[in-house]
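Asks: The following block contains a protein sequence and its predicted model.
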Amino acid sequence: MQLSVTDLERYLSGIGELLERYGVVLELEPAAPLVLEESPSGAISFELRGFLPDGRIPPLSVLEVRERWRRLASSRLERSEYAFELLDHERAFRRAFHLHDSEAFIRHFHVVVHEHCERPIGTAPCAHIAGPPLRDAYRGVDLLLAAWTDPRPPDCAAMTCLD
Amino acid sequence: MDAPPRYLTPAEAATQLRVSTDTVLRLIASGELPALRVSSRIIRIPAPAFAVFQAGRQPTRRAVVRRTRRTEVTLGRDEQAPDLPGARSRASLTA
């Protein structure tokens, strides 16, 4: 996935809008802007964090979207890392979709991406679970929302371990 | 006390909105009402999304600003990953 910086700004604002239309309450003031952060290497990253209003006070479900984009020679950006996370404290599970340390994961497991599933939180059948790459954060958010709305909590033991 | 339902079916949403199920499906198809298609036959409307729609709120795109930071961002930095340099504790898996 490659974008210009302007496209990345549009992508981030779109993800923020999607989350808010899904009812996720972002940890931001109502009119606060979203932030793209540029690191010394030129990489650009963002993080969105919010909770799902589940009728509890405080809410028991937290959702996070984080991505890191590296600069290519062409001045375009390529997504190099992602983390889409759901912590559902009410039903005591964690689901996460990750892309990071891809060289190590390719070397050891012949995969670029991995997932996490913990139920209860902190207890997992294995440290890393196999899963397909996610094309963008829209897909990541949809998968996490699908897990959150599913009447059955995820069956972590039935997933394919990498370790 | 039972937890409140986390999603509505299109038929349930139609009842609450006092419209037909076809109207709800049109709202979903047009993107006005966010919904998850979890299979070819199953559509779920997350309860928080329905609440936003029912309240007439229209979240709009926020502005985006750029900032510089002094340190690099590395996702999964605290994760117990294979043969990665440095000690990685599992304690912050959920951090």
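Replies: Cool, the structure landed.

Asks: how about the helices of chain A, start to end?
Replies: Per DSSP state H, chain A carries helices over the ranges A:5-21, A:102-109, A:137-149.

Asks: A:Glu90 is in contact with A:Arg56, correct?
Replies: Yes. Distance between A:Arg56 and A:Glu90: 6.6 Å, which falls inside the contact criterion (CB atoms under 8 Å). Where C-beta positions appear, they are placed from N, C-alpha and C, glycine not excepted.

Asks: where are the low-confidence patches of chain B?
Replies: Along chain B, segments meeting pLDDT under 70 span B:1-2, B:77-78, B:80-95.

Asks: Chain A now?
Replies: Answering for chain A: no residues sit below the bar, that is pLDDT under 70.

Asks: Swap in 90 and give it another go.
Replies: For chain A, applying pLDDT under 90 flags the ranges A:1-2, A:30-31, A:53-60, A:73-75, A:163.

Asks: Can you show me the strands along it?
Replies: Along chain A, counting by DSSP state E, strands occupy A:2-3, A:25-26, A:34-38, A:44-51, A:61-71, A:77-88, A:93-99, A:114-118.

Asks: Now the fourth one: buried residues?
Replies: Of all the residues in strand A:44-51, those buried under the rule 16 or more other CB atoms under 10 Å in any protein chain shown are A:Ile44, A:Ser45, A:Phe46, A:Glu47, A:Leu48, A:Gly50, A:Phe51.

Asks: give me the beta-bridge partners of the fifth one?
Replies: Under the criterion DSSP bridges, A:Leu48 forms beta bridges with A:Val65.

Asks: Please report how far it lies from A:Ala127.
Replies: Plainly put, A:Leu48 is 25 Å away from A:Ala127 if you go by CB to CB, to the nearest Å.

Asks: on that earlier part again, show me the two of the buried residues of strand A:44-51 that sit farthest apart.
Replies: Spanning the widest gap among the buried residues of strand A:44-51 are A:Ile44 and A:Phe51, at 25.5 Å by CB to CB.

Asks: who touches A:Tyr133 in this structure?
Replies: Tyr isn't right for residue A:133; it's Pro. Counting by CB atoms under 8 Å, 6 or more residues apart in numbering or on different chains, A:Pro133 touches A:Leu99, A:Val112, A:Val113.

Asks: same thing but 10 Å
Replies: When contacts are counted by CB atoms under 10 Å, 6 or more residues apart in numbering or on different chains, A:Pro133 is found next to A:Met1, A:Tyr82, A:Phe97, A:Leu99, A:Val111, A:Val112, A:Val113, A:Arg139.

Asks: For the closest residue to A:Ile106 other than its chain neighbours, the count of nearby residues, please.
Replies: Closest residue in space to A:Ile106, ignoring its immediate chain neighbours: A:Val112 at 6.2 Å, by CB to CB, 6 or more residues apart in numbering or on different chains. Residue crowding around A:Val112 was assessed by other CB atoms under 10 Å in any protein chain shown; the count is 14.
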